[in-house]
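Novice: For reference, the sequence and a predicted model appear below.
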Amino acid sequence: MSLFRRRSEETAGIAPRRPHAGVLRRERRALIKAREDALRDVGGLLVEMYRRGGFREDLLAERAAGIVGIDARLAEIEDLLHARGHAPRCECGAPILRGSHFCPNCGRTLGAASANGAASEETVVEPAPDA
């Protein structure tokens, strides 16, 4: 049994690590350039088909599918880059560091439950809105 096969069997149940943000940004820049080039090529292809008087829908569909694939990967990268972690947040939306007593953005006083990221166990009764 080869070393590669053995390693792939050992890591079969392990989720892949999220790539570093810098790697994702570089890939995004390269994909944006590739998308622009592909769109330019499709436009040129369409003009040439018009000049020659014959359209090949299969060729256009193939090129469009490639661009849609690039768009899908760009959407994945955007989701990975802009995915918010599970860090607790203040009412203003700023992430709260563990052990903080005040919000670093707005200065609100934080309770012990908010600072630790745990939910409060107190029952809060709010009046029903007027109908």
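Specialist: Cool, got the structure.
Novice: distance between stretch 65-84 and the chain's centre?
Specialist: Remark: stretch 65-84 is offset 7 Å from the chain centroid, using CA atoms, centre = their mean, to the nearest Å.
Novice: Going forward, count from 38.
Specialist: Noted, 38 is the first residue going forward, which turns the last one into stretch 102-121.
Novice: which of the residues in it are buried?
Specialist: Neighbour counts over stretch 102-121 (16 or more other CB atoms under 10 Å) mark 107, 111, 114 as buried. (Each C-beta comes from the backbone N, C-alpha and C, glycine too.)
Novice: Now tabulate these in a markdown table and tack on pLDDT, secondary structure and distance to residue 81.
Specialist: Formatted as a markdown table, these follow (pLDDT from 0 to 100; DSSP: H, G, I helix; E, B strand; the rest coil; distance: CB to CB, whole Å):
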| residue | pLDDT | secondary structure | distance to residue 81 |
| --- | --- | --- | --- |
| 107 | 95 | helix | 17 |
| 111 | 94 | helix | 22 |
| 114 | 90 | helix | 27 |
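Novice: can the residues you listed go into CSV with extra columns for distance to residue 100?
Specialist: Putting the buried residues of stretch 102-121 into CSV (distance: CB to CB, whole Å) gives the following:
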residue, distance to residue 100
107, 11
111, 17
114, 22
